[in-house]
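Q: Okay, here's the prediction I keep looking at, along with the sequence it came from:
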Amino acid sequence: MEKAKNKFKVLIVDDEPQIRRLLRMTLEMNDYWVYEAGTGKDGLLSITMNHPDIVLLDLGLPDEDGIALLHRLREWSNLPVIVVTVRDDEKIKVNALDSGADDYITKPFNTGELLARIRVAIRHSLRLDESPVFTSGKMKVDMTNRTVTINDQEIKLTVTEYSLLSLFSRNAGKVLTHSFISQKIWSNPYADNAQILRVHIAQLRKKIEKDPSVPELLITEPGVGYRLKILSE
Amino acid sequence: MSFRFFPQYSERSGLRDYFVAFISTSITAGICFPLASSIGYQTVGLIFLMIVSLLSLFLGRSALIFAAILNFIVWNFFFITPLYTFRVHSLHDLIALFANLIVAIVGSTLISRIRKSQITLLKSQERLTILHTFLESLNNATSIKEVVKRAQEGLRKNFKAEIIIYIKEKTGSGLSGKSFGNSELHSDLTYDVALSLFRESYKELFTPLIESSSGMHFYPLVEPRKAIGVIGIKFSGDNRPEEDKLILLKSFIAQIASALDREISIDLAKEKEISIESEKLFQTVLNSVSHELRTPISIITAAVSNLNDERTSSDPDLRRQIGEELEFASDRLNYLVENILDMSRIESGFLKLNLQYCDISDLIGISINELKHNLMGRQVKICIEEKLPLIHADINLLKQALINVLHNAMVYTPSDSPIMISSFFSAPGKIAIRVSDFGTGVSPELLNRLFDKFYRVPGSKSGGTGLGLTITKAIVEAHNGVVLAENADQGGLQITMVLNMDIQNGKSKEQV
């Protein structure tokens, strides 16, 4: 990656040695420097000693609740954290995100997906992509001119739709929870906005997706929120 | 009712008894007085004696003696010469006086004895009737709860008492913390008292342990073979049962113990039966699931050993193919594990809905997205009615329900035949999501069985556990919806999930 010869450092906190081995293999193959920790305690220690650029935190740790660890970490650090969870615990995912996790990934995951999430989280934390123009697939969002084009055709968006899309573009690739979005758009995290939000998302999809019933750009993370995918051209 | 002939018997005589004695004596005297000269005073004496013996049937002892003395005085004063004096001249008359007194005393004693024994009889008869009614009511109870409810009714009616019952643990030697009966009586203290009594219940059966602060009486519930539990009784006010009622109370407690024992044994037997049933089921599942689990695992093992072969690693095309197989096999394994986990979650009763407003088209989109691999370019038509409202549902569970239906449609129809997903208002306030395939359908008599656990249509191709549609049904029903399977006009199978929409929701969407 761009950071002149210095590799990005990833800390894996997971109690399964086999998972750690596999992740190490994958990450090293992709030019990351890897640290490992098998418990939450070792994880925190490794963060203070090794200053990783990103942490992969499994929430099912033997010694400590992952969320509690996240809270403690967030008291003094903005280090990007991706939590690793199993299916069926959307509430835990939302809780982790609200507690300061940058993203999550659900086991079993494929490594391509994981690498993409890591890339997004690191770029975001280092503010590497604060470009005024965001491109994903055929869509281009120009935040200086406040225009959106699909296939170079400008499309008309309402004020709310544009605010949503620019919020997603600024956080491209990251999952945004319902309450986070409501907070940013309406400065109000309460649930009654969740319904309105869904309606706006549906409208927005009709304008930016090729097939709104099977969206490719604005993906639903069921029970958690939405994610704007970064597609290559 | 014949026992009621002596309604208010008591050994003591009331004022009324004396009055009756006085009146009957006066009337007899009034009637006999004009006749005395013709029938003779001795006859009158006999008549008075008759009256006393008659009165002995009705009066208490002292009133009877009073009547006897009164009779003698009246007879003496009005009928025996010299008239209107109390003098007694002859031995005859003295004997007559004693005869009167003796008849009165003997008669009343005899009668009171008879009465007493009758009353004892009556009481025991009454007790028997009460006990019989109680026993009958307990016998008709079909669960522990009901036994306790009826026991409570019986004790409330006959003793004005509230009860609480603790039953022994199924395993272990203590009392279960769950109390039956009037839960207001339950406290940590009552439980502790009950437990200590339970531990010693073999020692003394019918001396209650009285807990001083609440005034409750505790008795062990004991069957010949074992102690079953403890009953705590709270009598209203100072209404402790008297000695004779205590016998009834003890019989009640013994009956409650045996009724509870009966229900506990029945419960145990049922549990045993269920465990045998589930063991059978477990065998069936093991057979079908183990096949399903082993297939992807053997694919993975084979593929990995292929990868280790030098010839494959030098051929990128072969490697890519093996990679695809690996991916496919692990997807299959994952799908299977998720289904088994879902099923056990549903069966355990811990299926909790995480309700949110969700968009049906979104639901369909993410489901298809998740099946992208398996669909492999198969044509999926989506047809969603305009302006469907949001539904209040657990989107992750519904996604799983829909995926299972889609998965079935994919597996059991040729890979080039299309699948159609549609969503529409099926009735006011009801939204249907339908998956139709263009396969051969299912013979009509088997349609209903599709949702049965582990059921697989005979002759269908191998693979699948028979859990998918069962899970779908459970999830949809958890949302108060229904699932229907029917053969469509075009020949394939169509599965329709009908969900309730919250009307208010639709309105609030319109307002936006």
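A: Nice, thanks for sending it over.

Q: is the helix or strand hosting residue B:331 up against chain A anywhere?
A: Assigned by DSSP states H and E, residue B:331 falls within helix B:316-348. Yes: against chain A, helix B:316-348 shows contacts by Cβ under 8 Å from any Cβ of the partner chain at B:327, B:330, B:334, B:338, B:341, B:345. All C-beta atoms are positioned from the backbone trio N, CA, C, and that covers glycine.

Q: Next, format these as CSV and append neighbour count.
A: Formatted as CSV, the residues of helix B:316-348 next to chain A follow (neighbours: other Cβ atoms under 10 Å in any protein chain shown):
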residue, neighbour count
B:327, 13
B:330, 17
B:334, 14
B:338, 16
B:341, 13
B:345, 16
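
Q: biggest separation within those, which pair?
A: Farthest pair in these (Cβ to Cβ) is B:327 and B:345. Separation: 26.4 Å.

Q: Show me which residues of chain A are close to chain B?
A: A:87-88, A:90-91, A:108, A:110, A:194-196, A:198-199, A:201-202, A:212-215, A:219-220, A:222-223.

Q: Mind jotting down where the helices sit in chain B?
A: For chain B, the helices defined by DSSP state H occupy B:15-39, B:41-55, B:61-74, B:91-139, B:144-159, B:188-199, B:243-308, B:310-313, B:316-348, B:360-370, B:372-375, B:395-411, B:468-478, B:503-511.

Q: Could you save these as CSV and add columns showing mean pLDDT?
A: Output for the helices of chain B, formatted as CSV (pLDDT from 0 to 100):
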stretch, mean pLDDT
helix B:15-39, 86
helix B:41-55, 82
helix B:61-74, 82
helix B:91-139, 82
helix B:144-159, 88
helix B:188-199, 82
helix B:243-308, 82
helix B:310-313, 78
helix B:316-348, 85
helix B:360-370, 89
helix B:372-375, 80
helix B:395-411, 90
helix B:468-478, 88
helix B:503-511, 38
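
Q: what does the stretch 301-450 of chain B put close to chain A?
A: B:327, B:330, B:334, B:338, B:341, B:345, B:354, B:356-359, B:361-362, B:364-366, B:368-369, B:382, B:384, B:390, B:394-396, B:399.

Q: How about the contacts made by the closest residue to residue B:97 other than its chain neighbours?
A: Nearest residue to residue B:97 in three dimensions, chain neighbours excluded: residue B:72, at 4.7 Å (Cβ to Cβ, 6 or more residues apart in numbering or on different chains). Counting by Cβ atoms under 8 Å, 6 or more residues apart in numbering or on different chains, residue B:72 makes contact with B:48, B:96, B:97, B:100, B:101.

Q: So which of those residues is the closest to residue B:112?
A: For the contacts of residue B:72, the nearest to residue B:112 is residue B:101 (16.4 Å; Cβ to Cβ).

Q: The closest one: what's it in contact with?
A: Neighbouring residues of residue B:101 by Cβ under 8 Å, 6+ apart: B:65, B:68, B:69, B:72.

Q: what pLDDT does residue 141 get?
A: Here I'm looking at chain A. At residue A:141, the pLDDT value in this model is 92.

Q: nope, chain B
A: Value for residue B:141, per-residue pLDDT: 86.

Q: Burial check on the nearest residue to it once chain neighbours are set aside, number of neighbours?
A: In space, and not counting its chain neighbours, residue B:141 is closest to residue B:147: 4.3 Å by Cβ to Cβ, 6+ apart. Applying other Cβ atoms under 10 Å in any protein chain shown, we find 26 residues neighbouring residue B:147.

Q: Residue B:147 touches residue B:261, doesn't it?
A: No: the pair residue B:147 / residue B:261 is not scored as a contact, 9.8 Å apart, by Cβ atoms under 8 Å.

Q: Could you report the neighbour count for residue A:35?
A: 19.

Q: got the helices of chain B as CSV, with distance to residue A:114 columns?
A: Compiled in CSV, these are given as follows (distance: least, Cβ to Cβ, whole Å):
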stretch, distance to residue A:114
helix B:15-39, 102
helix B:41-55, 110
helix B:61-74, 105
helix B:91-139, 65
helix B:144-159, 53
helix B:188-199, 52
helix B:243-308, 20
helix B:310-313, 24
helix B:316-348, 15
helix B:360-370, 17
helix B:372-375, 18
helix B:395-411, 21
helix B:468-478, 28
helix B:503-511, 37
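
Q: Of all those helices, which one comes closest to residue A:43?
A: Of all the helices of chain B, it is helix B:316-348 that lies closest to residue A:43, at 27.0 Å by Cβ to Cβ.

Q: Just the buried positions in that closest one, please.
A: B:322, B:325-326, B:328-333, B:335-336, B:338-340, B:342-343, B:345-346 (16 or more other Cβ atoms under 10 Å in any protein chain shown).

Q: all strands of chain A, in order?
A: Remark: strands assigned in chain A by DSSP state E are A:8-13, A:32-37, A:54-58, A:81-86, A:103-107, A:133-136, A:139-142, A:147-150, A:153-154, A:175-177, A:218-221, A:225-228.

Q: thinking again about what came up before, tilt between the helix holding residue B:331 and helix B:360-370?
A: 130 degrees (axes from the mean of the first three to the mean of the last three Cα atoms, to 10 degrees).

Q: Now that we're looking at residue A:88, what pLDDT does it have?
A: 65.

Q: my read: residue A:120 touches residue A:175, true?
A: No: using Cβ under 8 Å, residue A:120 makes no contact with residue A:175, being 9.8 Å away.

Q: shared neighbours, these two?
A: Joint contacts of residue A:120 and residue A:175 (Cβ under 8 Å, 6+ apart) are residue A:103.

Q: Can you get me a residue count around residue A:49?
A: Using other Cβ under 10 Å: residue A:49 sits among 9 other residues.

Q: An error on my part: the question was meant for residue B:479.
A: Neighbours of residue B:479 (other Cβ under 10 Å): 20.

Q: check contacts around it.
A: Contacts of residue B:479 (Cβ under 8 Å, 6+ apart): B:353, B:393, B:394, B:397, B:398, B:499, B:500.

Q: Identify the bridge partners of the last one.
A: According to DSSP bridges, the partner residues bridging residue B:500 are residue B:430.

Q: Can you show me the helices along chain A?
A: Under the criterion DSSP H, helices of chain A are mapped to A:17-29, A:40-50, A:66-74, A:90-98, A:111-125, A:159-170, A:178-186, A:192-208.

Q: Of all the residues in the longest one, which ones are buried?
A: Taking 16+ other Cβ under 10 Å as the neighbour-count basis, helix A:192-208 is seen to contain the buried residues A:193-205, A:207-208.

Q: on that earlier part again, now, which of the contacts of residue B:101 sits nearest residue B:218?
A: residue B:65 (49.4 Å).

Q: which ones are touching the spatially closest residue to the closest one that is not a sequence neighbour?
A: Take residue B:65 and drop its neighbours on the chain: the residue closest to it by Cβ to Cβ, 6+ apart is residue B:104, 5.4 Å away. By Cβ under 8 Å, 6+ apart, residue B:104 lies in contact with B:52, B:55, B:56, B:64, B:65, B:67, B:68.

Q: Could you check how far residue B:104 is from chain A?
A: 92 Å (Cβ to the nearest Cβ, to the nearest Å).

Q: Could you do residue B:217 as well?
A: With Cβ to the nearest Cβ as the criterion, residue B:217 and chain A are 49 Å apart.

Q: So for the closest residue to that residue other than its chain neighbours, what's the pLDDT?
A: Leaving out its chain neighbours, the residue that sits closest to residue B:217 by Cβ to Cβ, 6+ apart is residue B:208, at 4.0 Å. pLDDT for residue B:208: 71.

Q: Check residue B:386 too.
A: At residue B:386, the pLDDT recorded in the model is 84.

Q: so how far is chain A from it?
A: Taken as Cβ to the nearest Cβ, the span from residue B:386 to chain A is 12 Å.

Q: Next up, the contacts around residue 170.
A: By default, I'm working from chain A. Applying Cβ under 8 Å, 6+ apart, we find residue A:170 in contact with A:134, A:143.

Q: my bad, chain B
A: Residue B:170 makes contacts with B:176, B:268, as judged by Cβ under 8 Å, 6+ apart.
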